[in-house]
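Student: got a sequence here, can you model it:
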Amino acid sequence: MENQSEKKWYQKPVTVVLFLIFFFPVGLYLMWKHELWSKTARWIISAVFALAVIANAGKDDSTTSSNISINTIEGTQSCLVGYDWVYPSGSNPIGAWKFSSDGTFNSSTTAFGGMSTWGNWSVISPGKFRISYSRTTEGTIPDDQILTMSSCSNLKVGSTLYSKD
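Tutor: All right, here's what the predicted structure looks like:
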């Protein structure tokens, strides 16, 4: 008789709490199925998890948790530096840019037989920065150019839109 009243491992409160923490959908199911706590306690726990899911539903993973914005010069620099900017995608890039914190950049493209460029960059206003070329694999130095960012994840070079990889 004692064995019949003994709870199985998945019916024990400790197991349910662990499932609530690490596999919350399973934990919620077990909590309601085996009625381990009062109905009020189960509703409160369910509400907490529902609020957590709702709060995280609108988060954008393409930016950092500090919500970096290009609305300031410092924000533009933070969005720009240290990332690979690729076109059309990181899995099959035709063109790429890399900006360093020391004010230098390099870019490369596979179009038209390929070409690489190097130079310096500086932010001139939030979301806008000037690049000055110093060297190219073709030997000719293009004129300075103004690049723009409409967000922390988009870089516009001429009419081409690059994205962070």
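Student: once you drop chain neighbours, what's closest to residue 141?
Tutor: For residue 141, the nearest residue in space outside its immediate sequence neighbours is residue 133; the separation is 5.1 Å by Cβ to Cβ, 6 or more residues apart in numbering. C-beta here means a position set from N, CA and C on the backbone, and glycine is covered the same way.
Student: now do the strands in the chain.
Tutor: Counting by DSSP state E, the chain has these strands, from start to end: 84-87, 95-99, 104-109, 115-125, 128-136, 145-151, 154-157, 160-164.
Student: save the ones you listed as JSON lines, and put in mean neighbour count, mean pLDDT and distance to residue 75 too.
Tutor: Supplementary listing: the strands of the chain in JSON lines, determined by neighbours: other Cβ atoms under 10 Å; pLDDT from 0 to 100; distance: least, Cβ to Cβ, whole Å:
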{"stretch": "strand 84-87", "mean neighbour count": "20", "mean pLDDT": "94", "distance to residue 75": "16"}
{"stretch": "strand 95-99", "mean neighbour count": "19", "mean pLDDT": "95", "distance to residue 75": "14"}
{"stretch": "strand 104-109", "mean neighbour count": "17", "mean pLDDT": "95", "distance to residue 75": "18"}
{"stretch": "strand 115-125", "mean neighbour count": "15", "mean pLDDT": "96", "distance to residue 75": "9"}
{"stretch": "strand 128-136", "mean neighbour count": "16", "mean pLDDT": "96", "distance to residue 75": "12"}
{"stretch": "strand 145-151", "mean neighbour count": "15", "mean pLDDT": "94", "distance to residue 75": "10"}
{"stretch": "strand 154-157", "mean neighbour count": "18", "mean pLDDT": "94", "distance to residue 75": "14"}
{"stretch": "strand 160-164", "mean neighbour count": "17", "mean pLDDT": "93", "distance to residue 75": "14"}
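Student: for residue 7, find the nearest of those.
Tutor: Evaluated with Cβ to Cβ, the strands of the chain place strand 160-164 nearest to residue 7, the distance being 50.7 Å.
Student: run through who's touching the closest one.
Tutor: Here strand 160-164 makes contact (Cβ atoms under 8 Å, 6 or more residues apart in numbering) with 62, 83-87, 89, 95-97, 152-156.
Student: and the strands of the chain: which comes nearest residue 9?
Tutor: Closest approach to residue 9 among the strands of the chain (Cβ to Cβ): strand 160-164, 45.6 Å.
Student: tell me what angle that closest one forms with strand 145-151.
Tutor: Put simply, strand 160-164 runs at 60 degrees to strand 145-151, going by axes from the mean of the first three to the mean of the last three Cα atoms, to 10 degrees.
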